[in-house]
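J.: Below: sequence and its predicted model.
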Amino acid sequence: MVATKDMPLKEYVLKGNAACAGCQDMVALRHAHKALEGNVIQVVPACCTSVVQGLWPKSGLGIPVLNTAFPAAAATASGVRAALAAKGKDDTTVMVWAGDGGTFDIGIQALSGAFERRTDFLYVCYNNQVYSNTGTQRSGGTPLHAKTTTTWLGKKEPEKLLDFIVAMHEPVYQATANTAYPRDLYDKFLKAKEIRGPKFIHIFLPCPQAWNYPVEKGVELGKLAVETGYWIQWERVGTEFTLGRQSKRFQDPEKRKPIEEFLKMQGRFSHLFRPERQDAKIQELQDYVQYRWDLLMKTLA
Ligand SMILES: Cc1ncc(C[n+]2csc(CCOP(=O)(O)OP(=O)(O)O)c2C)c(N)n1
C-alpha cells in the first residue's frame, strides 16, 4: 500500500470550495485525483459535487469537469470517450463521479447502458446514502430504519444491493472503498486507471448533515462501519475476488463490534434508542449485516 509521503503533493481539490465542514466527499475526491494526477475528464451529474465544482468560469476542482443532467452521467461518459478516441487520446481516464441518488436511482439506466456498451470509463458512486444536496431525502441507497426528510419515522425498506447489480454487468474492475482508509482508496484508483474497459468504485461516505453526527467523527464512523461488518472492503479484477485487508478480520461474526455502536453515533437512528429501545429493529439491522456478508461470499467471492 502506498505510503502517505509517497502520494503526489499536488492538490486538485481547491481551497475555498463550497463543501460543508467535515464533508467526506472531499477526502474521496482529493485522494482519487492524486492517483489520477490530472489526466482525467470528470463527468458530474446533479449532486453535492456539482456544488463543490461550482459555476463556470470558476471551479473548485483543478481538472476538466463536464457537468451533465441527473440521469445522463454514464451516457455522457460514453460520449466523452468516443470524442477522445476520435482525437487519438486514449490514455485519459473518463470518470463519472455521482452520488447514490444519481446512481442507485436516477442514473441506473445510463449506467447499465454504458457497461453493456463496454465503454472504457470509471464510474464512481460516492454513497452518502441520501439525496444530500437537496436537503437529505431518502434514496434507493438509504438503509432500513434511517430517518431522512422523507422518511420521518425511519425508512421501511433496506437499500438496493447495487454492487450485485453492477457485478452482473461484468465490469473489468470493481471495488468498494471507504474514506476512513484513504491510502487504500488511492491504490484502487491507481489500479483502475491502468485497466481498460468499464470499471466501478463504490465509496462509503458518511455525511454529517444527513446522518447527524459531529463533523469531526467522519473517519471514526467509517472505521466503525467496517468493524461492525456493515461495510465490506473488497475488489474484483474481472472475476478474481479479494477481500480487503481492513475487512478480513470481520468475516468472523465473533470479531465484529455490535451494529449498535455504528447506529448510536448517528442522529438518523436515534429513534431506535429513544424514548425507548427498539430491540427488534436493531436486531433486523444486525441480521442484515450477516445477510450481506453471506450474499457477497456466495455470489462474488
Ligand atoms: C432531473 C432532476 N431532478 C432533481 C434534481 C434536483 N437535485 C439536484 S442534486 C439532487 C440530489 C442528488 O443526490 P445524490 O445523487 O445522492 O448526490 P448528493 O447530493 O448526495 O451528493 C437533486 C434531487 C435535478 N437537478 N435534476
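T.: Nice, thanks for sending it over.

J.: Just want the phi and psi numbers for R277.
T.: phi -70, psi 140 (degrees, to the nearest 10).

J.: what pLDDT does the residue of the chain at minimum distance from the ligand get?
T.: With Cβ to the nearest ligand atom as the measure, G99 is the residue of the chain nearest to the ligand, at 2.1 Å. Yep, even glycine has a C-beta here, placed from its N, CA and C like the rest. Note on G99: pLDDT of 98.

J.: With W56 instead?
T.: For W56, the pLDDT comes out at 87.

J.: quick revisit: surely the residue of the chain closest to the ligand touches N128?
T.: Yes. Contact criterion Cβ atoms under 8 Å: G99 and N128 qualify, at 6.6 Å.

J.: which of those two has more neighbours?
T.: Between G99 and N128, G99 has the larger neighbour count (other Cβ atoms under 10 Å), namely 32 against 28.

J.: who's that one bridged to?
T.: Applying DSSP bridges to G99 gives these bridge partners: Y126.

J.: who's in contact with it?
T.: With contacts taken as Cβ atoms under 8 Å, 6 or more residues apart in numbering, G99 has the following neighbours: P45, C47, C48, T49, C125, Y126, N127, N128, Y131, S132, N133, S139.

J.: One more: H145?
T.: Applying Cβ under 8 Å, 6+ apart, the residues near H145 are G154, K155, F269, L272, K281, E284, L285.

J.: Show me which of those are buried.
T.: Buried by 16 or more other Cβ atoms under 10 Å: G154, K155, F269, L272, K281, L285, out of the contacts of H145.

J.: quick one: which two of these are the most distant?
T.: K155 and L272 (12.1 Å; Cβ to Cβ).

J.: Quick check, C47 in contact with G101.
T.: Yes. Between C47 and G101 there is a contact at 7.0 Å, judged by Cβ under 8 Å.

J.: Within reach of the ligand, which of the contacts of G99 are there?
T.: Here is what survives when those are matched to the ligand using Cβ under 6 Å from any ligand atom: C47, C48, N128, Y131, S132, N133, S139.

J.: now, which of the contacts of G99 lie within strands?
T.: Judged by DSSP state E, the contacts of G99 include C125, Y126, N127 as members of strands.

J.: chain center to the longest helix anywhere in the chain: distance?
T.: In the chain, taking DSSP state H as the definition, the longest helix is helix 279-299. For helix 279-299, the distance from its own C-alpha centre to the chain's C-alpha centre is 20 Å (Cα atoms, centre = their mean, to the nearest Å).

J.: State the mean pLDDT of it.
T.: Averaging pLDDT along helix 279-299 yields 98.

J.: contacting residues around it?
T.: Against helix 279-299 from outside (Cβ under 8 Å, 6+ apart): 143-145, 154, 158, 161, 163-164, 167, 228-230, 232, 234, 251, 253, 256, 258-260, 263, 272.
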